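> predicted model and sequence follow; I will ask about them next.
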Amino acid sequence: MPVLIAAGIGIVFAVGIYQILRRNLIRSAIGLVILSNAANLFLVACGSRWGLFAPYSGSPAQTSDPLPQALVLTAIVIAMGGFAFVLAVVHVVALRGRTGDSDDIDRLKN
Amino acid sequence: MNIDHGVLLPVLIPIASAVLGLLFLRGRHRALGLFSLLAILLSLASGGRLLANLARGADPAVLPIGGWPVPASIVYVADFLSATMTVLGQLVFALAIVYSLGCRDRCARDSAYYPLLLTLSAGLAGTFLSGDLFHLFVMIELVVISGAVLTARSDDPAGPEAAYKYFYMSTLAGILLLLASGCLYAAHGTLNMADLARRISAHPECPLGAAGMVFLLSAFLIKGAVVPFHFWQPDFHSAAPTAVSAALSSVVVKIGVYGFLRMTTLLFVPHAEILRSSLIVFGAAGLLYGGFAAAGTRHAKRMLAYSTLAQVGSILIAIGWGTIPAIAAAIVLIVNHALIKASLLMLAGAVASRSPEKSASFESIGGLGRSARAAGVLYFAGALALVGIPPTNGFIGKLVLFRGGVELGRFGTVALLAGAGIVTMIYMLRSFARVWWEGPQGGIEPKPRGDRLAAPAVLIVLCLALGLWAEPLLDLALRGSVYLSEPAAYIAAVLGGGS
C-alpha cells in the first residue's frame, strides 16, 4: 500500500510538472492546480503512517494523524481562492493579447 | 513564558479595519484612505510597543492562540527579529498609504485598494510574528493574494500579466512551503518552530528532514527573489502601482531574508554551515547579476527593482558569514534597504506621474525632472544612501558589513561588495543625470501636477537621521544579533524554561 500511494503521488506530481511547462496559459494554470493537489496528497499521506482509519473510529493504534488533514483543508481553501484569481487574470491577459500562448504575450519584454 | 495579547494587534488591527472599511466606507476613497492610515498607525504603535518592551529587556512576548498548550497550538512570538521586521513593515506601509492619498493613480480610487493594502500589511506582520511553520504559509498566501490583486488592478497596462507571473511563481513557492511542512512534520512530528528547532538539533539526520530543509530553502529563495529565482520580480515591481511597488520591493521581499535568518539561526542550526555557504554563493550571484542588469535597463522602476536583487544579495552574504557582527550588519542592511528603496521607488513613480504616458521608462521621463526639483534633491540623497556615501544610513550599513567581512578575513567577497557599490553608483548617478540634469527630449510636455512627495520626504529624512545618529539602530541590531546567536533563548521563551 505505501508503495502504491507513493507511486500515485509521484505520477500526479509528474503530470503537474509536465503541465506547468506547457506554453498554453490555461494548461499551465491547470498544471498549477494538479501540482497543489499533489502536495495535498503528499500531506495526507504523511499523516497516514500509522494507519488509514479516521480518528475516533478504529483502534487508536491504527488511526491516521488528523493534523495533516486539517492542514490540507486549509491549503485546499487557499488554493481554490488562488485558482479563481489565476483564471480571472488569464482571462484578462488572453483577451487583451488575443492569444493563449505565453510566447506571444510580450508586453513586459522591454 | 511572557504571555502578551498585544502580539496579535499588528495582524488583527489591519484585517479588522480592512473589513470595516469595505463594509462602511465603500466608494468614499478619501475617507477610506484616512481610515486605513489611522489603522496602520495604530498597528505601527502596537508593533513599536512590542519592540520597546524587548529593548527594555523583557522576554519575547508569546501568545498561544486559543489557550491550547504550547507545542500543540499556533503561537505568535515577538522576539527581536520579528518585532523589528514588523515595525519596519508597518512603517513602510503607513508611508505607502500616505503616498497613495496624494497620488493621481486611478486604481487608488478603487474601494478595494486600501483594504488590500491593509491585508497585505497584516499578512506581512503575521508572517514575521508567526511561530508556526504552517501559519507562516497561510500568512504568506495572504500577502501573495493581496499583492497580486493590487498589481492586477494597476494603471499600468502590463499589470495583469505581471500579476499572473508573480502569482504563478508565488503559488509554486507556496506549494514548496507546503511540501516542506509535510516533510518536517513527518520527520519530527511538530510544526511549531521552537519545538522543531529543538527536535532537529536532537536528531539532525532524520529521513525527510533534509528534503524539508531544501524545500523550505527554495520556497524562501523564490519569495526573496534571489537570483536564479528572480525573474518574476522586476516585471512585478515595475508594473505595480507606485505605492505598492515601494512596499513590495522594500519589505515584502524581506520575507525571504527573514526566512533565511530563521533557518540559519533557529531551525537548522546543525546544518547551518551548508546553508550559509550556499547563501554566500546565491548572494554573490545576485550582487553581480542585479548590478549589471540594473545598469543595462531603460526603465527607472525596473532599474530599482534589479538593484533590489543586488541589495538582497549583499544581505544574503552577511547572513552567510553568520558571525555576530555580520548578522548585526544584515539587520542594519535590512532596515536601510527598506527605507531607501521605498523612497526611491516613490520618487521614480512621482516623476512618472508627471509624464503624459505615465510610464517610468527613461524615454518618457528623461528631462522631466526640471519640473520637479524637490524630487531631484530627494532622489539624489536617496542615491547617495543606496551607494553608501556619508552622511546617509547606507554608509553605516556598508561600514558594518565590510567590518564584519574583514574580521572574518573574507577579502575577496568584500572586494566584490565594493565593486558592486561602484556599479550602483554608476547606474544611480546616470539615472539622476538622465532625469534631472539633461534637458527634455522631443518636446515632452510635463503635466503641471504629479504625486505628492510627503511620503518619500519622510523616508529620506529617516535615512539621513539614521546616518547621522546611527547608535540606536546599531545597538538594537547588535543586541538582536547576540540574541539570534543563542537559539536556546527563543526555544525557552516559547516552550517555557527548562525544556
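Cool, the structure landed.
> okay, CA-based contacts and neighbour counts for the rest of this
Fine.
> ok, and the closest non-adjacent residue to the residue in chain B that chain A sits nearest to?
Chain B approaches chain A most closely through B:Gly182 (5.2 Å), counting by C-alpha to the nearest C-alpha. Sequence neighbours aside, A:Leu43 is the residue nearest to B:Gly182 in space, at 5.2 Å (criterion: C-alpha to C-alpha, 6 or more residues apart in numbering or on different chains).
> likewise B:Leu34?
If the residues on either side of it in the chain are set aside, B:Leu34 comes closest to B:Leu101, at 7.8 Å by C-alpha to C-alpha, 6+ apart.
> count of neighbours near the residue nearest to B:Gly182?
As a burial measure, the neighbour count of A:Leu43 was computed by other C-alpha atoms under 10 Å in any protein chain shown and equals 25.
> list the contacts of it.
For A:Leu43, the contacting residues are A:Pro68, A:Gln69, A:Leu71, A:Val72, B:Leu178, B:Leu179, B:Gly182, taking C-alpha atoms under 8 Å, 6 or more residues apart in numbering or on different chains as the criterion.
> that one belongs to a helix?
Yes. Assessed by DSSP: H, G, I helix; E, B strand; the rest coil, A:Leu43 belongs to a helix.
> and the pLDDT for it?
Per-residue confidence for A:Leu43 comes out at a pLDDT of 91.
> all the strands of the stretch 1-150 of chain B, in order from the start?
Under the criterion DSSP state E, counting those that start in this stretch, the stretch 1-150 of chain B contains strands at B:2-3, B:61-64, B:75-78.
> could you say which of these is packed most deeply?
Of all the strands of the stretch 1-150 of chain B, strand B:75-78 carries the top mean neighbour count, a mean of 28, counting by mean count of other C-alpha atoms under 10 Å in any protein chain shown.
> so is that strand next to chain A?
No. Applying C-alpha under 8 Å from any C-alpha of the partner chain, one finds strand B:75-78 out of contact with chain A, separated by at least 15.7 Å.
> kindly provide the distance from the residue nearest to B:Gly182 to B:Gly174.
In this structure, A:Leu43 and B:Gly174 are 13 Å apart, going by C-alpha to C-alpha, to the nearest Å.
> adding distance to B:Asp475 and mean pLDDT, write the strands of the stretch 1-150 of chain B out as a markdown table.
What follows is those, written out as a markdown table (distance: least, C-alpha to C-alpha, whole Å; pLDDT from 0 to 100):
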| stretch | distance to B:Asp475 | mean pLDDT |
| --- | --- | --- |
| strand B:2-3 | 23 | 84 |
| strand B:61-64 | 20 | 90 |
| strand B:75-78 | 18 | 93 |
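> so for B:Leu275, which of these sits nearest?
strand B:75-78 (24.0 Å; C-alpha to C-alpha).
> which other residues reach that closest one?
Residues outside strand B:75-78 that contact it (C-alpha under 8 Å, 6+ apart) are B:7-8, B:50, B:60-65, B:129-132, B:192, B:494.
> residues of chain A that sit close to chain B?
Counting by C-alpha under 8 Å from any C-alpha, the positions of chain A adjacent to chain B are A:32, A:35-36, A:39, A:42-43, A:46-47, A:68, A:71, A:78, A:82, A:86, A:89-90, A:92-93, A:107-108.
> out of the residues you listed, which sit inside helices?
Among these, the members found in helices (DSSP state H) are A:32, A:35-36, A:39, A:42-43, A:46-47, A:68, A:71, A:78, A:82, A:86, A:89-90, A:92-93.
> just the buried residues of those.
Those of those that meet the buried threshold are A:32, A:35-36, A:39, A:42-43, A:46-47, A:68, A:71, A:82, A:86, A:89-90, A:93, by 16 or more other C-alpha atoms under 10 Å in any protein chain shown.
> hmm, which of the residues you listed is lowest in pLDDT?
In terms of pLDDT, A:Gly47 ranks lowest among these, with 83.
> now do the nearest residue to that residue once chain neighbours are set aside against B:Gly66, distance only.
For A:Gly47, the nearest residue in space outside its immediate sequence neighbours is A:Asp65; the separation is 4.7 Å by C-alpha to C-alpha, 6+ apart. When C-alpha to C-alpha is the yardstick, A:Asp65 and B:Gly66 sit 21 Å from each other.
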